[in-house]
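Visitor: Make a model of this:
(2 chains)
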2 protein chains.
Amino acid sequence: MEKFENVSVTTKANVYFDGKVTSRAVTFANGSSKTLGIMLPGEYEFGTDKPELMEITAGVMDVLLPGQSEWLRVVGGESFNVPGNAKFQLKVSELTDYICSFLDE
Amino acid sequence: MEKFENVSVTTKANVYFDGKVTSRAVTFANGSSKTLGIMLPGEYEFGTDKPELMEITAGVMDVLLPGQSEWLRVVGGESFNVPGNAKFQLKVSELTDYICSFLDE
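Guide: Presented below is the predicted three-dimensional model:
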């Protein structure tokens, strides 16, 4: 099973949408950071600061990326990128376990 | 904010009760392990293998420990111990963010 090695983890969770979305912040030795998160079924809108890479470990969702009119189906093992300073919408149909990486511009 | 330093984190989440309880496994350099978890409001029963220390980072729950007849109210900043090879019941009234430590016998 995949592990992040030699990292630090903030013990207090990030909690959104009354706990339907939660995540843990992980910081790597090189200073970069990711979050490990869970989304329960539901519809959500998120905003980015930095560009993000969303890797779906497990689950099923549909994503409406900024500037797009077609929803994108994303399942476990797949990923998508979101530009910085943008909003994106999600329709989660099956509990989704994800890794969010914050990318340099 | 409190952090676990120099640990490894399994990227795949532990998921229980249809995602109402989820956690991440964290392993320390000395080989010990903890989980960082979230419990949404609800009623749950868990079983232990090793004895456990449950530290509540935030939230409100009532706990019925093995062999007890009185429910124990536990809130953020408090903790409780559970013996090994035992079952315990939880009534979570507010989203609870917790740290579970697995103790040697």
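Visitor: CA atoms for contacts and neighbours, from now on please.
Guide: Will do.
Visitor: Without its sequence neighbours, what residue ends up closest to residue A:61?
Guide: The shortest distance from residue A:61 to any non-neighbouring residue, by Cα to Cα, 6 or more residues apart in numbering or on different chains, is to residue A:92 (4.2 Å).
Visitor: contacting residues for the one you found?
Guide: A:39-43, A:60-62 (Cα atoms under 8 Å, 6 or more residues apart in numbering or on different chains).
Visitor: Export these to TSV and append columns for distance to residue B:99 and pLDDT.
Guide: Shown next, in TSV, are the contacts of residue A:92 (distance: Cα to Cα, whole Å; pLDDT from 0 to 100):
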residue	distance to residue B:99	pLDDT
A:39	20	98
A:40	21	98
A:41	25	98
A:42	26	98
A:43	28	98
A:60	28	98
A:61	29	98
A:62	32	98
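Visitor: Up against chain B, what does chain A have?
Guide: Neighbours of chain B within chain A, by Cα under 8 Å from any Cα of the partner chain: A:1-13, A:19, A:22, A:36, A:38, A:40, A:57, A:95, A:97, A:99.
Visitor: Can you say which of these are buried?
Guide: Buried residues within these, defined by neighbour count using 16 or more other Cα atoms under 10 Å in any protein chain shown: A:5-13, A:19, A:22, A:36, A:38, A:40, A:57, A:95, A:97, A:99.
Visitor: Out of the residues you listed, which sit inside strands?
Guide: Using DSSP state E, A:5-10, A:22, A:36, A:38, A:57, A:95, A:97, A:99 are the members of those that sit in strands.
Visitor: quick revisit: next one: the residue nearest to residue A:61 relative to residue A:71, how far apart?
Guide: Distance, residue A:92 to residue A:71, by Cα to Cα, to the nearest Å: 12 Å.
Visitor: follow-up on the earlier one: most neighbours among the contacts of residue A:92, which one is it?
Guide: residue A:39 (26 neighbours; other Cα atoms under 10 Å in any protein chain shown).
Visitor: what sits against that one?
Guide: Each residue near residue A:39 by Cα under 8 Å, 6+ apart is listed here: A:20-22, A:92, A:95-97.
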